[in-house]
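Undergrad: Any chance you can model this:
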Amino acid sequence: MTNKLLFILLDAFRHDYFNEKLMPFMYELSNNKNYKLESVLGYSEAVKQSLITGTYPNKNGLWAEFIFKSKTLSKWIRCLPLDHFPHSVNVGCRHFISSLFKTELRNIPLPLLAYFDHPLRNLKIPTIYDIFTENKIRFYEYDGPKGKTLHKIISKTDHKYSDAVFIKIPDLDLIGHIYGTHCRKVYTKVTEIDKIVEKIVKYFKNIWKDMFDTIIISDHGMVQVRQYINLERYIKKYFKEKRDFFAFYDATIARFWFKRDLVRNRMTKILNKLNIGLVLDSEALKSYGVHFSDDRYGELIFLLNPGTVIFPNFYSVLPFPPRGMHGYDPEFPGMLGIALLPNHSLERNQIKVVDLFPTILDMLDLPHPKTCQGKSLF
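TA: Below is the predicted model:
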């Protein structure tokens, strides 16, 4: 192995936030060479799995947080009147129960919890951590601490003999959801993140000298919300839940399961007439890398147009509608993230998130697994 690797992920950092005024350190570090990063359709966990496996969701098995799977849940949990409590009480109780029973309630109506479960990763697909372990690469991952405390936490460990360090800075995501995409709060946070990255990079430069490569990326962008729809209430005008269908309402995607084809056909027509999104056919699902051989993630997938959000939904615990959201078509400009690869120059100006997996392996002189769908950038 020739060099060590410092990998920094900036959650929800749009490509157009990158400029010399807002982020002077990263701008100088990049030598003004930055690339647009195309994510995958879905949310942060789906993006992470594609990043660390070099595969799309239909291969690694993880797309949405919940799949349809009838299972028995404690009857007393389903009978709790949480949905009738004030929002703050409801959210607090859900969080407590989720921690106590090692399950996740999110904002799913309690009577429906018995029908949803978490998906499992395809264990035949190796992650980058598996490959590191197999090749005795000493690595650390920091995924969770906020930026202001992150540097102190990192510095508590002696990284002199570490080979690779993965760091996630999550601060911008919540700010974007609350305030939108372009405002003073967001720009201030971008500058704060630039200073955090500067501290981290200089810390490792002091330890590793010049014997390391740096990659800085964002997992996805953020889109300004212009329209909200209570899709659950709208659909209940035409169908009866449990009798005709089951649905899971993510923020930008609605997924449905049916007991009769007649209901599915009528649902498709009703959704398309709304003109706020598109029912994805099999070809579209394949192009996004989310076409599965079974219906665990949905028999019908409805993707909303950028800027439109389902609210309320089964995921968000905010007491108010978000002003910014991600999870739209990955090619939409506002969804594009950023990739900085200092000391490396690429001929293209846009790359895909799955390409980073083989690129990291090349940087560390490690072999590519046969399962990899991405292509090295070098």
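
Undergrad: Just confirm Val263 contacts Lys240, I think it does.
TA: No: counting by Cβ atoms under 8 Å, Val263 stays clear of Lys240, with 9.8 Å between them. Where C-beta positions appear, they are placed from N, C-alpha and C, glycine not excepted.

Undergrad: Of those two, which one has the most company?
TA: More neighbours surround Val263 than the other of Val263 and Lys240, with 18 against 10 (other Cβ atoms under 10 Å).

Undergrad: Make sure the more buried one is indeed in a helix.
TA: Yes: residue state for Val263 (DSSP: H, G, I helix; E, B strand; the rest coil) corresponds to a helix.

Undergrad: Not counting sequence-adjacent ones, nearest residue to it?
TA: Here the nearest residue to Val263 in space, its sequence neighbours aside, is Asp244; by Cβ to Cβ, 6 or more residues apart in numbering that works out to 4.8 Å.

Undergrad: Helix or strand: which one has the closest residue to Ile153 other than its chain neighbours?
TA: With Cβ to Cβ, 6+ apart as the criterion, Ile153 has its nearest non-adjacent residue at 5.2 Å, and that residue is Pro145. Assigned by DSSP states H and E, Pro145 falls within no helix or strand.

Undergrad: Likewise for the one 3 residues further on?
TA: Per DSSP H and E: Lys148 is located in helix 147-155.

Undergrad: who's in contact with that helix?
TA: Counting by Cβ atoms under 8 Å, 6 or more residues apart in numbering, helix 147-155 makes contact with 142, 145, 165, 167, 169-171, 192-193, 196, 199-200, 203, all of which sit outside it.

Undergrad: Mind listing what's buried along that helix?
TA: Buried positions in helix 147-155, judged by neighbour count with 16 or more other Cβ atoms under 10 Å: Gly147, Leu150, His151, Ile154.

Undergrad: give me phi/psi at Ser50?
TA: Ser50 adopts backbone torsions of phi -70, psi -40, taken as degrees, to the nearest 10.

Undergrad: count of neighbours near it?
TA: Neighbour count for Ser50, taken as other Cβ under 10 Å: 29.

Undergrad: So it sits against Asn60, correct?
TA: Yes: counting by Cβ under 8 Å, Ser50 touches Asn60, with 7.0 Å between them.

Undergrad: so what's the residue most central in space within the chain up against?
TA: Centre of the chain computed as the mean C-alpha position; nearest residue by Cα atoms, centre = their mean is Ser44, 1.1 Å away. If a contact means Cβ under 8 Å, 6+ apart, then Ser44 has Asp11, Asp173, Asp219, His220 as its contacts.

Undergrad: coming back round to it: hmm, Lys259 and the residue nearest to Val263 touching each other?
TA: Yes: judged on Cβ under 8 Å, Asp244 makes contact with Lys259 at a distance of 6.6 Å.

Undergrad: next structured bit after the helix holding Lys148?
TA: Proceeding C-terminally, helix 147-155 gives way to strand 164-169 as the next helix or strand, assigned by DSSP H and E.

Undergrad: by contact count, what packs against that following strand?
TA: Using 3 or more Cβ pairs under 8 Å, 6 or more residues apart in numbering; DSSP states H and E as the contact definition, the elements that strand 164-169 packs against are strand 4-10, strand 139-143, helix 147-155, helix 184-208.
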